[in-house]
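Chemist: Got a predicted model here, sequence first, then my questions.
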Amino acid sequence: MATMESLIGLVNKIQRACTVLGDHGGQGMSLWEALPSVAVVGGQSSGKSSVLESIVGRDFLPRGSGIVTRRPLVLQLHKTASGAEYAEFLHAPKRRFTDFAAVRKEISDETDRITGKTKQISNIPIHLSIYSPNVVNLTLIDLPGLTKVAVEGQSDSIVEDIENMVRSYVEKPNSIILAITPANQDIATSDAIKLAREVDPSGERTFGVLTKLDLMDKGTNATEVLEGRAYRLQHPWVGIVNRSQADINKNVDMIVARRKEREYFETSPDYGHLASRMGSEYLAKLLSQHLELVIKQRIPSIIAMINKTIDELNAELDRIGRPIAADGGAQLYMILELCRAFDRVFKEHLDGGRPGGDRIYGVFDHQLPAALKKLPFDRHLSLKNVQKVVNEADGYQPHLIAPEQGYRRLIDGSITYFKGPAEASVDAVHFVLKELVRKSIAETEELKRFPTLQTDIATAANEALERFREEGRKTVIRLVEMESSYLTVDFFRKLHAEPERKTERKPEKNANPPGPNDDLYHDHSLRRIGSNVSAYIAMVSDTLKNTIPKAVVYCQVREAKRSLLTNFYAQIGRREKERLSAMLDEDPHLMERRTQIAKRLELYKSARDEIDAVAWK
Ligand SMILES: Nc1nc2c(ncn2[C@@H]2O[C@H](COP(=O)(O)OP(=O)(O)OP(=O)(O)O)[C@@H](O)[C@H]2O)c(=O)[nH]1
């Protein structure tokens, strides 16, 4: 079973953490808003500060004319067993105040730090913790006094601004309203009650406090109000007698004032019967008990809200990416993971699943055959050129049986033409691969947050592709050169065995002018040579049409799949931690957002842990 200290202490802790993170309501459903708290509201001079000081048993609030409270003051009271009495501000955690006049000055100074000397108001709370044997565990939020008129130097809107700020605190369903009304004023005109009625019509969250009972006109009393007949609330009204201005001027001790207040009620003919339920000490206990009760009731919904928020924050973190680890090993691991993610996408492009790989087949199926077809063999094997090549090969002595050298030169010359389409295939596939690298980087979700690493991967992949292209180029050129280094002997043997039907008919078809017999024979023979070479080259072309794609895939596509980033991995493995961090550079906005989320997540998780610890005690 949780103790009172632990429950209120728990909420105190969470509230402080909320303020550190800038979560103090006003931004949708926040943890702060889910936490029950007591908000103190009242018109100017209603005795708000006096009630708070009386509850604390210390003078510590700034005084003065005009609007003194200009920022919410979250006052967390912690009862100490040791007798030590001191105060601490969340904004100055290292400093322990034992002099309460210094606390007052610090509240003033800290107010001005945010609002400037302009006397404007701000909804950013000041957190003050007071540790004392004279307090009960309680958290109160002191809010600016509701006012009717702006004083000099303040904008006209301040009246409305204050009301809006106070309303933003009291309208949340988890807020307990401490509505302070002076007894020497008509309850119907009380600013505090007016606002409380507006946001809590059933009066279940409102505690009515009547101050200045001692200042009522002779012959009148407040029993109508205190007994709940004048204005009904779910909770009993509490009457208070604070120090008068004269007491304050005389520096009457707060503890003495408490005693005097007790005596006032005990001896009062009007309120004697209510004495046990009157006074600031009673009020503090009442609030403390009530706050504890409310916290207990709210814990399940607070836990639900915390869990929901944790889920949402985790989902957002997943979306924008988890924070990067600080140590080199983890960074290296992360870079490798990111590279692998890229590699997966890249392979999907090649193997199918994502488009692009089919364009490589397009090179082999279209581009290469078309380029082979366009090669200028007609020109190279024209009668004139055949004659020229054969004659040159023969030299001073014409061939006797067959122009062996001529054949070889014609074939060599023709085969050289294949280098063009072979290299073009290598280049075409290279560009497809390069484009797929670019696409894959853009499509790798995990890489989106790391522009530097994207560039690094692109550079490394393109360097690798250049190497593969060079390898591919060498290999296809070698294939072409192999074709000229050793000819297929069988092809020519078969030719030899065949009758010369086809070629013999040709001269008749070609309406060549009649000439000497040997000339005719010579033409026939040249034509035959041309057509034999042409047939041979067609065969080579068919072979290369099949082997060039094999070489290209072997050297470029297969390697890209196998070892696109191998060199890169080796390089980063040797890199210093600083360079690894630099590779994981991110968009600063994103980093900021992530830090924010991580902090909030931390807050919510620790809040959950704290609640668990209390709930199981
Ligand atoms: N006699 C008597 N005087 C009181 C009582 N409560 C408050 N006062 C006096 O009323 C004046 C205003 O009290 P504060 O406690 O400063 O009131 P406040 O609501 O905090 O005022 P602002 O901060 O100006 O809005 C001071 O002079 C107090 O001494 C009371 O119960 N009896």
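Modeler: That came through fine.
Chemist: where does the protein come near the ligand, residue by residue?
Modeler: Applying CB under 6 Å from any ligand atom, we find that the chain lies next to the ligand at 42, 44-50, 68-69, 145, 211-212, 214-215, 240-245, 248. For the C-beta atoms, the positions are set from N, CA and C on the backbone; glycine is no exception.
Chemist: rerun at 8 Å
Modeler: Within the chain, the residues that sit near the ligand (CB under 8 Å from any ligand atom) are 42-53, 61, 63-69, 144-145, 147, 180, 182-183, 211-215, 240-248.
Chemist: Inside strands: which ones of these?
Modeler: Among the residues of the chain next to the ligand, DSSP state E puts 42, 180, 182, 211 in strands.
Chemist: What lies in contact with stretch 246-263?
Modeler: Residues outside stretch 246-263 that contact it (CB atoms under 8 Å, 6 or more residues apart in numbering): 53-54, 56-59, 63, 134, 240-243, 275, 279-281.
Chemist: from the residues you listed, which two are the most distant?
Modeler: Across those, the longest distance by CB to CB is 29.4 Å; it joins 63 and 275.
Chemist: pretty sure residue 544 is touching residue 482, no?
Modeler: No: contact criterion CB atoms under 8 Å: residue 544 and residue 482 do not qualify, at 10.0 Å.
Chemist: Neighbour count for those two, which is higher?
Modeler: For residue 544 versus residue 482, the count of surrounding residues by other CB atoms under 10 Å is larger for residue 544: 23 against 13.
Chemist: pLDDT at the residue in the stretch 401-550 of the chain that the ligand sits nearest to, what is it?
Modeler: Going by CB to the nearest ligand atom, the ligand is nearest to residue 449 of the stretch 401-550 of the chain, at 50.5 Å. At residue 449, the model reports a pLDDT of 85.
Chemist: List the contacts of it.
Modeler: Contacts of residue 449 by CB under 8 Å, 6+ apart are 320, 321, 586, 587, 590.
Chemist: element containing the nearest residue to residue 148 once chain neighbours are set aside, please.
Modeler: Excluding its sequence neighbours, the residue lying closest to residue 148 (CB to CB, 6 or more residues apart in numbering) is residue 159, at 6.6 Å. Per DSSP states H and E: residue 159 is located in helix 158-170.
Chemist: chain center to that helix, what's the gap?
Modeler: Distance of helix 158-170 from the chain centroid (CA atoms, centre = their mean, to the nearest Å) equals 34 Å.
Chemist: rewinding a little: so which of the ones in strands among the residues of the chain next to the ligand is the closest to residue 470?
Modeler: Nearest to residue 470 among those, with distances taken as CB to CB, is residue 42, at 84.7 Å.
Chemist: Name the residues linked to the residue nearest to that closest one when sequence neighbours are not counted by a beta bridge.
Modeler: In this structure, residue 42 finds its nearest non-sequential neighbour in residue 180, 3.2 Å apart by CB to CB, 6+ apart. Legend: beta-bridge partners of residue 180 under DSSP bridges are residue 42, residue 209.
Chemist: Could you give the number of residues near residue 180?
Modeler: When neighbours are defined as other CB under 10 Å, residue 180 has 28 of them.
Chemist: That one against residue 49, yeah?
Modeler: No: look at residue 180 against residue 49 with CB under 8 Å: they stay out of range, at 9.7 Å.
Chemist: Within the helices and strands, which one has residue 469?
Modeler: Element membership of residue 469, judged by DSSP H and E, is helix 451-485.
Chemist: Could I get the buried residue list for that helix?
Modeler: Burial within helix 451-485, assessed by neighbour count using 16 or more other CB atoms under 10 Å, is assigned to 453-454, 456-458, 460-462, 464-465, 468-469, 471-473, 475-477, 479-480, 483-484.
Chemist: related to what we said a few turns ago, and the ones in strands among the residues of the chain next to the ligand as CSV, adding pLDDT?
Modeler: Output for these, formatted as CSV (pLDDT from 0 to 100):
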residue, pLDDT
42, 93
180, 95
182, 94
211, 94
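Chemist: So which of the residues you listed is the closest to residue 367?
Modeler: residue 42 (86.6 Å).
Chemist: which regions of this structure lie under the pLDDT threshold?
Modeler: 1-6, 16, 19-30, 117-118, 151-154, 498-521, 614-617 (pLDDT under 70).
Chemist: one more time with 80, if that's ok
Modeler: Residue ranges of the chain with pLDDT under 80: 1-35, 64-68, 116-119, 136-137, 148-156, 321-326, 495-522, 577-578, 610-611, 613-617.
Chemist: would you list every one of the strands in it?
Modeler: 37-42, 73-79, 86-89, 92-97, 126-132, 138-142, 175-182, 206-211, 238-239.
Chemist: Quick one, which of those gets closest to residue 419.
Modeler: Taking those one by one with CB to CB, strand 92-97 is closest: 78.1 Å.
Chemist: Which strands or helices does the closest one pack on?
Modeler: strand 86-89, helix 100-115 (3 or more CB pairs under 8 Å, 6 or more residues apart in numbering; DSSP states H and E).
Chemist: thinking again about what came up before, list only buried entries from the residues of the chain next to the ligand.
Modeler: Using 16+ other CB under 10 Å as the burial test, these include 42-44, 46-53, 61, 67-69, 144-145, 147, 180, 182-183, 211-214, 240-243, 247 as buried.
Chemist: In helices, which of those appear?
Modeler: Among those, the residues falling in helices (DSSP state H) are 48, 49, 50, 51, 52, 53, 247.
Chemist: Any chance of the residues you listed in JSON lines with distance to residue 407 as columns?
Modeler: Listed next are those as JSON lines, based on distance: CB to CB, whole Å:
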{"residue": "48", "distance to residue 407": "115"}
{"residue": "49", "distance to residue 407": "116"}
{"residue": "50", "distance to residue 407": "121"}
{"residue": "51", "distance to residue 407": "118"}
{"residue": "52", "distance to residue 407": "114"}
{"residue": "53", "distance to residue 407": "118"}
{"residue": "247", "distance to residue 407": "129"}
